[in-house]
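Trainee: Mind looking at a prediction? Sequence and model below.
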Amino acid sequence: MARQPRLNLPGILQHLVQRGNDRQACFAAETDYLRYLQELREASANHDCAIHAYVLMTNYVHLLVTPATTGAISRMMQAVGSRYVGSFNARYRRTGTLWEGRFKAAPVDTDRYLLTCYRDIELNPVRAHMTDDPSTYPWSSYHHNALGQHTPLVTPHVQYTLWPAHLLRVRPTSAPWCTNRWKKNLSTISVSTPSNRAHGEANAFSGISRR
C-alpha cells in the first residue's frame, strides 16, 4: 500500500512514529533518554507543537502531537533529530544516520481514536513485555496523563481532559475498556501509521490537502 503524503496543517492531531535505522537501538543508556526528552521539550516549544503523549522505546519513538502552525511538526522533528543524533554519535563515537528514514505521521480522528492513541502509545512497554505495569516504565507520558504527575513536556489534549479520571488511570491487568472495539481501533492504528493514513473514518479528513 502506497504511503500517503503527510498532512501539514495546524490544529490537526497527529500520531508520529520514528524507528531506529535497521531497527537498531536509538537509546543505549539513561542519559540518552533524558537528552532526547530535553531536545523534544525545547523543539516543541520553539516550533509551537503541543505534545500530548509519548513513549521512548529502545529502538523507536511514538508521539501524539498537535501543531499550531503549518509545517511545525516537520521543523520540530528535524530540530530534535539533528541535535540528538549529533550528541548520540559523539557519545558513542559513531557516524551516520540513526533513524530509519523520515518519521511516519498519521492524522487522528479525535472523536473515535484519541483515547485509543493515548493507550496505544503509553502501553507500548506492556505489549513489549518490558513490564506488567506502565507506571514502572520511566520513559513515557503515562505518569502525567494517568497518574497526575506533572511533566512540563506534556500538554493534555482538551478532549482528553473531559474523560472520567477512572477511565484514564486503569491498569491493563484490570482493564474493562479492553473491548473488541478498542482492539479493532488499535489494529487500525498499527496498519495506518506506517503509511501516513488517517486514524479514523475515510471522510474525516477529506478535502484537506497533504504535502
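Mentor: Cool, got the structure.

Trainee: Quick check: what element follows the longest helix seen in the chain along the chain?
Mentor: Secondary structure of the chain read by DSSP state H shows that its longest helix is helix 72-92. Going down the chain from helix 72-92, the next helix or strand is strand 104-107, by DSSP states H and E.

Trainee: Now do the following helix or strand past that next one: which elements does it pack against?
Mentor: Next along the chain after strand 104-107, taking DSSP H and E as the criterion, comes helix 110-122. For helix 110-122, the packing partners by 3 or more C-beta pairs under 8 Å, 6 or more residues apart in numbering; DSSP states H and E come out as strand 14-19, strand 49-56, strand 60-67, helix 142-145, helix 180-192. From N, CA and C alone the C-beta is placed, and that goes for glycine too.

Trainee: So which elements touch the fourth one?
Mentor: The reference is to helix 142-145. helix 110-122.

Trainee: What's the mean pLDDT across the helix it packs on?
Mentor: For helix 110-122, mean pLDDT is 86.

Trainee: Please save the CA atoms from whichever helix or strand comes after it in PDB.
Mentor: Proceeding N to C from helix 110-122, the next assigned helix or strand is helix 124-127, under DSSP H and E. Below are the C-alpha coordinates for helix 124-127, written out as PDB (Å, rounded to 0.1, in the frame of the first residue of the first chain):
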ATOM      1  CA  ASN A 124       3.900   0.000  24.400                       C
ATOM      2  CA  PRO A 125       6.200  -1.200  27.300                       C
ATOM      3  CA  VAL A 126       3.500  -3.600  28.400                       C
ATOM      4  CA  ARG A 127       2.900  -5.000  25.000                       C
END
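
Trainee: count of residues packed around W139?
Mentor: W139 is flanked by 20 other residues according to other C-beta atoms under 10 Å.

Trainee: ditto for the one 10 residues further on
Mentor: Residues near Q149, counting by other C-beta under 10 Å, number 12.

Trainee: neighbours of the closest residue to it other than its chain neighbours, just the number please.
Mentor: When the adjacent residues along the chain are set aside, Q149 lies closest to H143, with 4.3 Å between them (C-beta to C-beta, 6 or more residues apart in numbering). For H143, the neighbour count with other C-beta under 10 Å is 17.

Trainee: shouldn't H143 be in contact with T151?
Mentor: Yes: if you go by C-beta atoms under 8 Å, H143 and T151 touch, sitting 6.7 Å apart.

Trainee: how about W99, what does it touch?
Mentor: Q18, R19, G20, N21, C26, G81, V85 (C-beta atoms under 8 Å, 6 or more residues apart in numbering).
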